[in-house]
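# Pasting a predicted model and its sequence here:
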Amino acid sequence: MLVKTYGSAVYGVDALTITIEVNVSSGTKYFMVGLPDNAVKESMFRVASAIKNSGYHMPRQRILVNLAPADIRKEGSAYDLAIAIGILAASRQIDPETLEDYFLMGELSLNGDLQRIKGALPISLQARNANFKGFILPKENANEAGIVNNVMVYGMGTLLDVINFFKHKAKPLPVIIDTSARFLKQINSYEQDFSDVKGQENIKRALEIAAAGGHNVILIGPPGAGKTMLAKRLPTILPPLNLQEALESTKIYSVAGKLTSSNALMTERPFRSPHHTISDIALVGGGMNPQPGEISLAHNGVLFLDELPEFKRSVLEVMRQPLEERKVTISRARVSVEYPSSFMLVASMNPCPCGFYNHPEKECICAPGIVQKYLSKISGPLLDRIDLHVEVTPVNFNALSSSREAEKSSEIRKRVMKARTWQEKRFADDEYVHFNSQMSPNRVRQICKIDESGQALIKKAMEKLGLSARAFDRILKVARTIADLAGSMKIEQEHLAEAIQYRSLDRDSWAG
């Protein structure tokens, strides 16, 4: 008897429908076709044990399982449940009549327990888009899949629960989640706050500009100056995620298997801080079965690279294209997947190996030329893509011991959101540009117009600092953001002057 069940395969952050065809006929042996990988082939052993331990029998006949479409490679253990139910239906142990209405996904333990899977959210979206009535999966993934409206999601604990569902012995209630209410309830639950940081008003100003325009920023300063502390609080002044952005980020974390059953919807902007020993594949994504990397996990949030010169140069260079295009395409012989990677890059570094170059009190012990050599670990093209270069100086005792309360993140965020509102109106006609840092060179020429005095100022700065054409565009973008924060329709000379001062590493005299 031939029976069809339905599941899904995830490619990138999207899913497609997979038909699991099971035919039980006279003969012996099991056969599985349709480009299954080893994890899928081994499912027959898990399925046989799970069926037996659930009180049913595994047919001692010829079993042929086909995973269609047959030209797409199937990976992972999540097809176990669909294969098991298909075998039971094909051997007439359960009624196959309603199987066509449901997606079935889940890994089986030998005793029949269902184990969590990756990619439940994009699979649930595909079930809805393909007009399936419901989606049956492990109960640990139920909240994650239940975010999707207009499809009934059933979280099951064991294979026996699923069998009883199709035999109409049990009628579990579908998981119902009010996505909007959950999102609004959990939004903005940050533990850190900018009020925790004493002093460093100029650095806070630079980060406010970065947040308002979505600009990349690098912090240069001695150990203990507060670079990491400031960077970790940057998400608290970014505009809150909207529901669309939350779903985009949640899909990526779902595919990577990084969601918990209690945290099924991301409500905070991601903050990723990989160690400097990370490989280029772990950063941008990849592997035999392409998975999202850190730059995609930071989508709609912040990627923080602490001690930037300690990262391998090859690792840093692979970021250049994703920084410009805000997506990364991973190509392999059989498959090519695309992951979004629209993130703010925040980097920090010591000014030299000993950490005390330009320190107001401590003396640098590095030999001549070492500072420049240390800085040269970061390529010029990568530095060009970082809009703000900010020098962080140590906080003095008076600022540290002051009882005056610093400005809260919520107050800074109000100004950032006001500036972002200006930008949303400005770019309302372009679905790919949302804030100033995303402007193309052509849009920069149209929007960031400056008067003659501004032209003279920026010309002098370019000649003195030896700026590239890309750095010139970056200065104009930052100046436009500063003008937005000031509520100015045009870029004034003081806005340009402030933007120019955030190009510290372009100065020939910076490293001696």
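That came through, no problem.

# going forward, measure contacts between C-alpha atoms and count neighbours the same way
Noted.

# quick one: terminal-to-terminal distance for stretch 325-343?
11 Å (CA to CA, to the nearest Å).

# and it, average pLDDT?
The average pLDDT within stretch 325-343 is 87.

# Quick check: buried residues in it?
326-328, 330, 337-343 (16 or more other CA atoms under 10 Å).

# list the contacts for R128?
148, 150-151 (CA atoms under 8 Å, 6 or more residues apart in numbering).

# and the gap between Y432 and M229?
Taking CA to CA, one finds Y432 at 32 Å from M229.

# Tell me which of these two has more neighbours.
M229 (15 against 11; other CA atoms under 10 Å).

# And for the more buried one, nearest residue in space, chain neighbours not counted?
V197 (7.6 Å; CA to CA, 6 or more residues apart in numbering).

# burial count for that neighbour?
Residues near V197, counting by other CA under 10 Å: 21.

# my read: it touches L230, true?
Yes: the pair V197 / L230 is scored as a contact, 7.3 Å apart, by CA atoms under 8 Å.

# Leaving aside the residues adjacent along the chain, what's closest to N53?
N111 (5.4 Å).

# Tell me which residues touch P172, please.
Applying CA under 8 Å, 6+ apart, the residues contacting P172 are 154, 165.

# can I assume E405 sits in a helix?
No: using DSSP: H, G, I helix; E, B strand; the rest coil, the assignment for E405 is coil, not a helix.

# measure it to G199 for me?
10 Å.

# So if I had to pick from these two, which one is more boxed in?
Set side by side, E405 and G199 show more neighbours around G199, with 20 against 10, by other CA under 10 Å.

# now the more buried one: how far from S410?
17 Å.

# Equivalent analysis for R404, please.
Distance from R404 to S410, by CA to CA: 17 Å.

# out of those two, which sits in the busier spot?
Neighbour count, other CA under 10 Å: between R404 and S410, S410 has more, with 16 against 9.

# what residues are up against that one?
236-237.

# What's the mean pLDDT across the strand or helix carrying it?
S410 is part of helix 409-426 when elements are defined by DSSP states H and E. For helix 409-426, mean pLDDT is 93.

# starting at the chain centroid, how far to it?
22 Å (CA atoms, centre = their mean, to the nearest Å).

# residues of the one helix or strand A39 maps to that come out buried?
Using DSSP H and E, A39 maps to helix 38-41. By neighbour count with 16+ other CA under 10 Å, helix 38-41 contains the buried residues 40-41.

# tell me the mean pLDDT over that helix?
On average, helix 38-41 scores 92.

# The one helix or strand S249 maps to: how far from the chain's middle?
Secondary structure assignment for S249, by DSSP H and E: helix 243-255. For helix 243-255, the gap between its own C-alpha mean and the chain's C-alpha mean amounts to 8 Å (CA atoms, centre = their mean).

# What is that helix packed up against?
Contacts defined by 3 or more CA pairs under 8 Å, 6 or more residues apart in numbering; DSSP states H and E place helix 243-255 against helix 120-129, strand 291-292, helix 294-297.

# Buried residues in the first one, which are they?
In this case it means helix 120-129. Buried residues in helix 120-129 (16+ other CA under 10 Å): 120-128.

# Looking at these, which is nearest G86?
Set against G86, the nearest of the buried residues of helix 120-129 by CA to CA is A127 (18.2 Å).

# what about S26, how many residues close to it?
Neighbour tally, S26, other CA under 10 Å: 9.

# Per-residue pLDDT of the nearest residue to V22 once chain neighbours are set aside, please?
With CA to CA, 6+ apart as the criterion, V22 has its nearest non-adjacent residue at 4.6 Å, and that residue is V65. With respect to pLDDT, V65 scores 96.

# Which residues lie in contact with the closest residue in space to P270 that isn't next to it in sequence in this structure?
Here the nearest residue to P270 in space, its sequence neighbours aside, is G301; by CA to CA, 6+ apart that works out to 4.6 Å. Going by CA under 8 Å, 6+ apart, G301 touches 235, 269-271, 342-344.

# in what helix or strand does T17 lie?
strand 14-25.

# and the following helix or strand past that strand, which residues are buried?
Downstream of strand 14-25, the first helix or strand assigned by DSSP H and E is strand 30-33. Applying a neighbour-count criterion of 16+ other CA under 10 Å, one finds M32 buried in strand 30-33.

# before we move on, what about stretch 344-355?
344-353, 355.

# Let's have the residues you listed in a markdown table, adding distance to S254 and secondary structure.
As requested, the buried residues of stretch 344-355 are exported to a markdown table (distance: CA to CA, whole Å; DSSP: H, G, I helix; E, B strand; the rest coil):
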| residue | distance to S254 | secondary structure |
| --- | --- | --- |
| M344 | 21 | strand |
| L345 | 23 | strand |
| V346 | 25 | strand |
| A347 | 27 | strand |
| S348 | 29 | strand |
| M349 | 32 | strand |
| N350 | 36 | coil |
| P351 | 39 | coil |
| C352 | 40 | coil |
| P353 | 40 | coil |
| G355 | 40 | coil |
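
# May I see those arranged in CSV, with distance to R92 as well?
As requested, the buried residues of stretch 344-355 are exported to CSV (distance: CA to CA, whole Å):
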residue, distance to R92
M344, 56
L345, 57
V346, 60
A347, 61
S348, 64
M349, 66
N350, 69
P351, 72
C352, 73
P353, 72
G355, 73
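
# Now the two most distant members of those.
Spanning the widest gap among the buried residues of stretch 344-355 are M344 and P353, at 26.1 Å by CA to CA.

# Contacts only, for M32.
Per CA under 8 Å, 6+ apart, neighbours of M32: 41, 64-67.

# Tell me which helix or strand in this protein has the weakest average pLDDT.
helix 397-401 (a mean of 66; mean pLDDT, DSSP states H and E).

# secondary structure element for the residue nearest to A483 when sequence neighbours are not counted?
Using CA to CA, 6+ apart and skipping the chain neighbours, the partner closest in space to A483 is I491 (5.7 Å). Assigned by DSSP H and E, I491 belongs to no helix or strand.

# May I have the phi/psi pair for I491?
Main-chain torsions, I491, degrees, to the nearest 10: phi -80, psi 120.

# Would you mind confirming that it makes contact with K477?
No: counting by CA under 8 Å, I491 sits too far from K477 to count as a contact (10.1 Å).

# Report the contact partners of H434.
Contacts of H434 by CA under 8 Å, 6+ apart are 423-424, 427-428.

# Of these, which is the most crowded?
Q423 (20 neighbours).

# The residue nearest to V22 belongs to a strand, doesn't it?
Yes: per three-state DSSP, V65 lies within a strand segment.

# Okay, and the beta partners of it?
V22, M32 (DSSP bridges).

# Surely it and K29 touch.
No: contact criterion CA under 8 Å: V65 and K29 do not qualify, at 11.4 Å.

# Name the residue in the two with the higher neighbour count.
Using other CA under 10 Å as the criterion, V65 and K29 rank with V65 on top: 22 against 9.

# Contact partners for the spatially most central residue of the chain?
Closest to where the C-alpha atoms of the chain average out (CA atoms, centre = their mean) is L297, at 2.5 Å. Neighbouring residues of L297 by CA under 8 Å, 6+ apart: 249, 252-253, 270, 272, 341.
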